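Novice: Provide a 3D model corresponding to the input given below.
(chains A, B, C and D)
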There are 2 protein chains.
Amino acid sequence: MAARAARRSYEELARHLSGIGAVRREMARGLPQDCPPASAAALTLLHKYGEMRIGRLSELMAVDMSVTSRHVSHIEERGWVERHPDPQDGRSRLLRLTERGRRQLDTLVQVTTETLETFLHDWTDEDIARLNGMLERLRQSFGDSRASRLAHEDTP
Amino acid sequence: MAARAARRSYEELARHLSGIGAVRREMARGLPQDCPPASAAALTLLHKYGEMRIGRLSELMAVDMSVTSRHVSHIEERGWVERHPDPQDGRSRLLRLTERGRRQLDTLVQVTTETLETFLHDWTDEDIARLNGMLERLRQSFGDSRASRLAHEDTP
DNA sequence: TATTGTTATACTCTATAACTATA
DNA sequence: TATAGTTATAGAGTATAACAATA
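Specialist: You can find the predicted model right below:
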């Protein structure tokens, strides 16, 4: 019986995860025209975690390196990041936020905050903190398993 | 001070919403080859809410009707839904799940459940129920505001 | 005239595979 | 040989605009 109840919760969760797309699209609408969601995510992560290589950024975004490479090209073309030589490894370069990138990030923080203030006006700080906690855990549950899956791809 | 703390939570939430993409992609990996996430979502909604028109399905998926039209074509080509005349309105047709569609849905429920069991093995039923509750509320907060925004698009 | 749906077009995001350069 | 990154290609999802048919 407990198993059947859990199974129903899983179906509901799958539906909600699918529905989150609407939330993400709404967030995307507020972004500057030349800064799509993936660019915004890359800038945010470079700010939060500091200078890093493409491979590291790929892990943080949980996408293939080829995808990250394109995103980085986009934000580099706009002068938001620079690629510097990696003294540790000649194959890599280190991504570093520029001053312009930091200003762009200020804009991003502002518009995302405004959007969330609008839509979540009746949420308390505690509500939001709780949601953040659950999403953080969800990400970890998937991220950790995903990492071990990728690591053991040769020996399934 | 409370405002500043809330602002920081908003930034965190924006980051998490972006990160949910990884979860959705992982869910998508388990789906049958010819049933992409949008098709699965459409079938799920048709099962949950029953026979409906394209416009209603568009609202539930929170995407433009042109998008839904394509998704419905995809699942109709595979025999998972049928379009029946709408006695109420000659411009519309009613979408109805077929027997094959119901069998496809059984498969979908099975694979999504298996995926979630794998990744969320250390979550209790209560954890999942709490997450479902917060996601439901999040969807509503965005959905309701979005609906009123669309309704008042002429008078901004 | 207004609404329901469809189609054409374009853009974003993503993965796979083939390739280059360095370790 | 193996790894870091790039590029080419293809597929999914989406929105806008132009269109057809019906209300």
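
Novice: quick check: domain ranges of chain A?
Specialist: If you go by automatic domain parsing, the domain ranges for chain A are A:30-118, A:120-151.

Novice: how about the residue of chain A found nearest DNA strand C, secondary structure?
Specialist: Closest approach between chain A and DNA strand C, counting by CB to the nearest atom of the strand: A:G90, at 2.5 Å. Using the backbone N, CA and C atoms, a C-beta is placed for each residue, glycine as well. Recorded secondary structure, A:G90: coil (DSSP: H, G, I helix; E, B strand; the rest coil).

Novice: contacting residues around it?
Specialist: By CB atoms under 8 Å, 6 or more residues apart in numbering or on different chains, the contact set of A:G90 is empty.

Novice: chain neighbours aside, what residue packs nearest to A:S9?
Specialist: B:I128 (4.6 Å; CB to CB, 6 or more residues apart in numbering or on different chains).

Novice: could I get the buried residue list for stretch A:82-102?
Specialist: A:92, A:94-95, A:97, A:101 (16 or more other CB atoms under 10 Å in any protein chain shown).

Novice: and if you look at stretch A:69-86?
Specialist: Buried residues in stretch A:69-86 (16+ other CB under 10 Å): A:71-72, A:74-75, A:78, A:80-81.

Novice: in the helix or strand encompassing the residue nearest to A:S9, which residues are buried?
Specialist: B:I128 belongs to helix B:125-151 when elements are defined using DSSP states H and E. For helix B:125-151, the neighbour count (16+ other CB under 10 Å) marks B:127-128, B:130-132, B:134-135, B:138-139, B:141-143, B:145-146 as buried.

Novice: among these, show me the least confident.
Specialist: Note: of these, the lowest pLDDT belongs to B:S145, at 65.

Novice: look up phi and psi at the residue of chain A closest to DNA strand C.
Specialist: With angles defined as degrees, to the nearest 10, A:G90 sits at phi -70, psi -10.

Novice: ok, now A:E51?
Specialist: Torsion angles, degrees, to the nearest 10, at A:E51: phi -40, psi 130.

Novice: check which helices and strands the helix or strand of chain A with the lowest mean pLDDT sits against.
Specialist: Least confident element among the helices and strands of chain A, by mean pLDDT, DSSP states H and E: helix A:125-151 (a mean of 86). Under the contact definition 3 or more CB pairs under 8 Å, 6 or more residues apart in numbering or on different chains; DSSP states H and E, helix A:125-151 sits against helix B:2-29, helix B:99-119, helix B:125-151.

Novice: make TSV out of those and add distance to DNA strand C.
Specialist: Output for these, formatted as TSV (distance: least, CB to the nearest atom of the strand, whole Å):
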stretch	distance to DNA strand C
helix B:2-29	5
helix B:99-119	15
helix B:125-151	11
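
Novice: which one of those helices lies nearest to DNA strand D?
Specialist: The nearest among the helices and strands packed on helix A:125-151, by CB to the nearest atom of the strand, is helix B:2-29 at 7.3 Å.

Novice: tell me the first helix or strand C-terminal of that closest one.
Specialist: Counting by DSSP H and E, what follows helix B:2-29 is helix B:37-49.

Novice: for A:T68, give me its contacts.
Specialist: A:42, A:54, A:57-58, A:61.

Novice: surely A:H84 is in a strand?
Specialist: Yes - membership of A:H84 in a strand is supported by three-state DSSP.

Novice: my guess is it contacts A:T98. True?
Specialist: No - A:H84 lies out of contact with A:T98 (CB atoms under 8 Å); the separation is 11.0 Å.

Novice: quick one: low-confidence ranges for chain A?
Specialist: For chain A, applying pLDDT under 70 flags the ranges A:1-5, A:144-156.

Novice: who in it is up against DNA strand D?
Specialist: Within chain A, the positions near DNA strand D by CB under 7 Å from any atom of the strand are A:21, A:25, A:53-56, A:58, A:65-66, A:68-70, A:72-73, A:83, A:86, A:89, A:91-93.

Novice: surely A:L131 and B:G133 touch.
Specialist: No - when contacts are counted by CB under 8 Å, A:L131 is not listed as touching B:G133 (10.0 Å).

Novice: now the buried residues of helix B:125-151 in TSV, with distance to A:P37?
Specialist: Putting the buried residues of helix B:125-151 into TSV (distance: CB to CB, whole Å) gives the following:
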residue	distance to A:P37
B:D127	28
B:I128	27
B:R130	27
B:L131	23
B:N132	25
B:M134	22
B:L135	19
B:L138	17
B:R139	18
B:S141	19
B:F142	15
B:G143	19
B:S145	19
B:R146	17
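
Novice: what is the burial count for A:M65?
Specialist: 14 (other CB atoms under 10 Å in any protein chain shown).
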